[in-house]
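# sequence first, predicted coordinates after that:
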Amino acid sequence: MDTKNNVSSTEVLNAPASASNPAPRLADDAEQRIHMRLILDVEYSLNGESPERLAEFLHALCDHAAGNGMLTHSSLAEVDGWEAQAVQMPDPIPKEDLAEFMLRRIENGQLSLENIAASMARYGLEEPHKFMGEIRERMNQDNDN
């Protein structure tokens, strides 16, 4: 939990209301909680460094930010939990190649019309690097056959 600049909910509720400190609006718990995602894409020139070491640096950046209150700054918000992943992104798959691959799968019966909606939902909810890895693997298998 991020504790720097924290004020407990009891202190907030008991603070006197004023023009500069209006009384807090009480809401149900669902309205009081959100999930945020920070997306940071970094392109490196390796210059002899390993991708694994650079991933460690990105993890250290996140640890530093969380440990020093940078996820809430000077607000009253509190961090209930956070997770960081540093992944090497694969080269993007050209949209034309992906469309051609999917059409071939439909035409040869590997992807039935009944399963298209479920497949599209699964692919749409998947992390991009996982999706590209899976599709690239299937495209390579098709090329080997």
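Thanks, I have it. Numbering: from 1, shown residues only.

# for the residue nearest the centre of the chain, grab phi and psi.
Nearest to the mean C-alpha position of the chain, counting by C-alpha atoms, centre = their mean, stands Arg37 at 5.3 Å. Phi and psi for Arg37, reported as degrees, to the nearest 10, are phi -130, psi 130.

# I'd like to know how far it sits from Ala86.
Going from Arg37 to Ala86 by C-beta to C-beta, to the nearest Å gives 14 Å. The C-beta positions use only the backbone N, C-alpha and C, and glycine is treated the same way.

# equivalent analysis for Lys95, please.
Lys95 is 26 Å from Ala86, where distance means C-beta to C-beta.

# more neighbours, the two?
The residue with more neighbours, out of Lys95 and Ala86, is Ala86; 17 against 8, by other C-beta atoms under 10 Å.

# so which elements touch the host helix or strand of Glu137?
Element membership for Glu137 (DSSP states H and E) is helix 128-144. Helices and strands touching helix 128-144, by 3 or more C-beta pairs under 8 Å, 6 or more residues apart in numbering; DSSP states H and E, are helix 95-107.

# go ahead and name everything in contact with the helix it packs on.
Contact partners of helix 95-107, identified using C-beta atoms under 8 Å, 6 or more residues apart in numbering, comprise 111-113, 116, 135, 138-139, 142.

# same thing but at 7 Å, please
111, 135, 139 (C-beta atoms under 7 Å, 6 or more residues apart in numbering).

# phi and psi next, for the first one.
Put plainly, it is Leu111. Phi and psi for Leu111, reported as degrees, to the nearest 10, are phi -130, psi 110.

# residue contacts, it?
If you count contacts by C-beta under 7 Å, 6+ apart, Leu111 has them with 102, 105, 119.

# kindly write the ChimeraX command that selects the buried subset of these.
A single ChimeraX command selects the buried members of the contacts of Leu111 (16 or more other C-beta atoms under 10 Å):
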select :102,105
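
# please consider this matter closed, and thank you.
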